[in-house]
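Asker: coords please:
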Amino acid sequence: MNITVLGTGYVGLVTATCLAEAGHRLLCFDVDRSKIERLAQGEPCIHEKGLPEMLARNLAAGRLRFTQDEAEAVHHGDVVFIAVGTPPDATGAADLQYVLAAAQAIGQHMRSWKVVVQKSTVPVGTAQRVRAAVLGQLEARREKGDAAAGSALDHVPFAMVANPEFLKEGTAVDDFMRPDRIVVGVEEGPAGERALATLRELYAPFNRQRDRLLAMDLRAAEFTKYAANAMLATRISFMNELANLAERVGVDIEQVRRGIGADPRIGHAFLYPGLGYGGSCFPKDVRALLRTAADHGQRLRILEAVGDVNEAQKQILVAKVLQRFGPDLTGRTFAVWGLSFKPNTDDMREAPSRCVIGALLARGGRVVAYDPVATEQARRALAEDMADRPELLAQLHFADDPMQAASGADALLVLTEWRVFRSLSLSALKATLRQPLIFDGRNLYEPSIRSEGFDYLAIGR
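Answerer: The predicted structure is shown next:
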């Protein structure tokens, strides 16, 4: 099948590469020339396990191509995915300007039947707005005498589909290749039935052992994406609240986590206390859902609390540091292990490390940080955060390995639970730190590390 993907960000690139791996013929469009040039050379712009090899393999096979020619991209695909960014605007709502621009491009250039698939995360009702934008361009072409546009009033040569993604950064390729569900929202009537049949064929290689495809209407599919992320964010904030209380009442939250997670109605997933959630999805989607509710005269009070708890949780480790060293950190050096918002990615969007490092520097501390893959992204993100206080950046340094970061530090702060940190020699770490003090924001270690001579402060342990 000929497939077009508009947008080569995280979702677009993973979607295109995995569909090409299944044998489809993909053409990807992006307005960013440098990104297109890099991708055409097999250089992904994101860190994702398995993606570079799959990208190179499908480029070599000719199943995956990249272009800046918008018309060529639209003409190519029987199915056209819209996978552009939907960043939050000043009110917290999803900014749909790129989605609607993509819809207009489809309407301007399409010549034959298309299935238009909304893949970006968007508020309920966006599919109708995309449909209207495509129709508007088709009607404008018809009025100008473009026969290829047909009659936007008498015959609509496309169908709208809402097909939200459920990819986790760090395991996105595996998630796409082995999905737990494939949500497809379609319109009623013959066009919707044709589109659903097309999507079933498209996803057949990923849907063999059991039927994972869940068909529903457009608005339900859009809502499902937000509801899923809001639920996961809620579990994280709930567990962080309990962990903070556990510390006060002398309870090990890990024992509690195992106890409640053993209940099959609850399960263990997303019940790990830490510094809160970050990344591009949970913060943005929780705020967007709150905005949708406000637009319809409703408050989502649980989700309001989820966001508030998460913001406060990012400062939990800073509070522990200040309790130990006092409010003035001048002359203190802090080693930081982990910068990305989660392991196996270089994504620094709303990473808790940004809040922690900024707070330490603002109080006079010196920070030496290490991350296996996110250093360059972190340099840019932290420079942006401190653009109005550039003198603080002079106190921020990046190390080439974990032990170099820890050398001579007054304390070690673990901010991302990279697996490599688990296997390092504790005796070597103890020897290189100025004092054996660890603030563990991800509960990477066990409290038994105290028997090795470490002063160990974690979350709810």
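Asker: what residues are up against Lys225?
Answerer: Residues near Lys225 by CB atoms under 8 Å, 6 or more residues apart in numbering: Thr121, Pro164, Glu165, Phe166, Val183, Asp285. Every residue, glycine included, has its C-beta placed from N, CA and C.
Asker: any idea how far Phe270 is from the last one?
Answerer: Asp285 sits 14 Å away from Phe270 when distances are taken as CB to CB, to the nearest Å.
Asker: neighbour count winner among the two?
Answerer: Asp285 (24 against 14; other CB atoms under 10 Å).
Asker: the more buried one reaches Tyr226, doesn't it?
Answerer: Yes. Using CB atoms under 8 Å, Asp285 is in contact with Tyr226, at 5.4 Å.
Asker: give the residue spans of the stretch 101-250 of the chain that score low on pLDDT.
Answerer: Scanning the stretch 101-250 of the chain for pLDDT under 70 picks out 150-156.
Asker: assign the closest residue in space to Ser120 that isn't next to it in sequence to helix, strand or coil.
Answerer: With CB to CB, 6 or more residues apart in numbering as the criterion, Ser120 has its nearest non-adjacent residue at 5.1 Å, and that residue is Thr86. When classified by DSSP: H, G, I helix; E, B strand; the rest coil, Thr86 comes out as coil.
Asker: quick one, what contacts Thr86?
Answerer: By CB under 8 Å, 6+ apart, the contact set of Thr86 is Ala94, Asp95, Leu96, Tyr98, Val99, Ser120, Thr121, Val122, Lys284, Ala288.
Asker: make a PyMOL selection of the buried ones in those.
Answerer: Of the contacts of Thr86, the buried ones go into a single PyMOL selection, burial set by 16 or more other CB atoms under 10 Å:
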select buried, resi 94+96+98+99+120+121+122+284+288
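Asker: just how off-centre is stretch 234-254 within its chain?
Answerer: Remark: stretch 234-254 is offset 25 Å from the chain centroid, using CA atoms, centre = their mean, to the nearest Å.
Asker: quick one, strands of the chain?
Answerer: Taking DSSP state E to define them, one finds strands in the chain at 2-6, 25-29, 64-67, 79-82, 114-118, 158-162, 182-186, 213-217, 333-337, 366-370, 396-398, 411-414, 437-440, 455-457.
Asker: dump those strands into CSV; add mean neighbour count and distance to Glu201 as well.
Answerer: Shown next, in CSV, are the strands of the chain (neighbours: other CB atoms under 10 Å; distance: least, CB to CB, whole Å):
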stretch, mean neighbour count, distance to Glu201
strand 2-6, 25, 11
strand 25-29, 24, 14
strand 64-67, 21, 19
strand 79-82, 27, 10
strand 114-118, 26, 11
strand 158-162, 24, 13
strand 182-186, 24, 12
strand 213-217, 15, 11
strand 333-337, 26, 47
strand 366-370, 22, 47
strand 396-398, 18, 48
strand 411-414, 24, 47
strand 437-440, 23, 49
strand 455-457, 17, 55
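Asker: ok, which of those strands comes nearest Pro447?
Answerer: Closest approach to Pro447 among the strands of the chain is made by strand 455-457 (6.3 Å; CB to CB).
Asker: which strands or helices does that closest one pack on?
Answerer: Packing partners of strand 455-457 (3 or more CB pairs under 8 Å, 6 or more residues apart in numbering; DSSP states H and E): strand 437-440.
Asker: distance from the strand it packs on to the middle of the chain?
Answerer: Put simply, strand 437-440 sits 27 Å off its chain's centre (CA atoms, centre = their mean).
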